[in-house]
Every structure is written in structure tokens, then in C-alpha cells.
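A.B. asks: 3D, please:
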Amino acid sequence: GWCWLAVTHRGLASAQFVTPANKPLDREQLGLRIQTAAGQLPDIELPVDQLIADGRLGARAAVARYSQPSRGSGHLRIGDAAVAMDPLSGNGIHEAVRSARVAVAAVNSYLHGEPWPVVARFVDERSREVWRRSMNTAADFYRLQANWSGSEFWTSTAAAYGQAASAASGRTETEGRFE
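C.D. replies: Model (predicted):
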């Protein structure tokens, strides 16, 4: 998996470890993982005992998810509310910018009298295509890491994103239409 560590100027230490969902870490494994990561960082005094002492361990999903962007008449989800990417693949900020551009066009059309179903379809079609491309990008990222490290985490994550990209509905070529 991967991890990040942060220590504030007041000494508050935080750590996040991402591992395969089918292999959760218990308290002892987490402590060992933190100590190993801290030992690999040069010139850092990481209070490992403080990271695991208070017992506040939590598991959260750090995976990509897609939510239909056009939720109801006149309401749009954009950015992470519509498409959330895992933090490591680095695709989230790109999605926020891309969806904002689509939202501006959709809002402008709606305010100028376009019926909501047409606007919603415009947003949903573009979002599905962005989702598919984002899944491909994430799969490529994890595949590069898997090729370098050979780790099961990177290999299985690359495969999962590849499957998600294949399952995502891309654009289909049909006759053009004006609305």
C-alpha cells in the first residue's frame, strides 16, 4: 500500500495507510507499519507511540466513486460530489476543474431556457466519459507502480481500476441530433 505522515507545528501527528480492503490491519500491525514508515524517513522524530496510543483507529474507503451529477431539476453535483477519485492517483483536482467547466455550460443553458432533461443528459454524458477516462488514468498510474514494485497491492488496484474503466459506459457513436 502507501502512506502519508504529517506533524503539525504543535506536534500533532497524523498517519494514513492505504492497504487492500480485503486485508485490514489490526492495532499491532498498524503500529508496526507506522514504525517501519517512520524509520524510513530521514531526520524525523515521529512520536509513533502517540499515533496509536489514544486508540482512535478508523477505516475509511479511499476509492473512486461515481454519483450521477444531475440529481434533480435545477441541481447538479460537481467535483468530488459527482466523481471522487482516490487521493493517490491525483485525478481529483482534474475532475473538479473538468466538471466545473461542464457545470458552467449547463447552468448557462438552463438559465437561458433549455429544458432540464436536455441539460441533465448533457452533464451526465460528459461525466460518464470523464469517469471512464479517470478510471483509465488511475489504472495506468497503479500499473506503473505495480511494474516497478511487483507488489500485490499495486497489481490488484490497477486491475480493479482497469475493470472499472471497462465497465464504464463510453460514448456510443449514433446519428447526430439537435435539441
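
A.B. asks: Quick one: end-to-end distance for stretch 76-94.
C.D. replies: Stretch 76-94 has an end-to-end distance of 18 Å (CA to CA, to the nearest Å).

A.B. asks: I'd like the mean pLDDT over that stretch, please.
C.D. replies: Confidence for stretch 76-94, expressed as mean pLDDT, is 69.

A.B. asks: Low-confidence ranges, the protein, go.
C.D. replies: 1-3, 13-15, 19-22, 41-65, 80, 83-92, 169-174, 176-179 (pLDDT under 70).

A.B. asks: Do a quick rundown of the helices in it.
C.D. replies: Using DSSP state H, the helices assigned to the chain run over residues 27-39, 48-53, 92-111, 116-149, 152-167.

A.B. asks: just checking, F17 touches L32?
C.D. replies: No: here F17 lies out of contact with L32, judged by CB atoms under 8 Å, at a distance of 10.9 Å. No exception for glycine: its C-beta is placed from N, CA and C like everyone else's.

A.B. asks: Have a look at the two and say which one is more surrounded.
C.D. replies: The residue with more neighbours, out of F17 and L32 and counting by other CB atoms under 10 Å, is F17; that gives 16 against 13.

A.B. asks: Bridged to that one, which residues?
C.D. replies: In this structure, F17 has beta-bridge partners C3, where bridges are defined by DSSP bridges.

A.B. asks: That one and G150, how far apart?
C.D. replies: F17 sits 20 Å away from G150, going by CB to CB, to the nearest Å.

A.B. asks: Repeat that for M135.
C.D. replies: Using CB to CB, one obtains 23 Å as the distance from M135 to G150.
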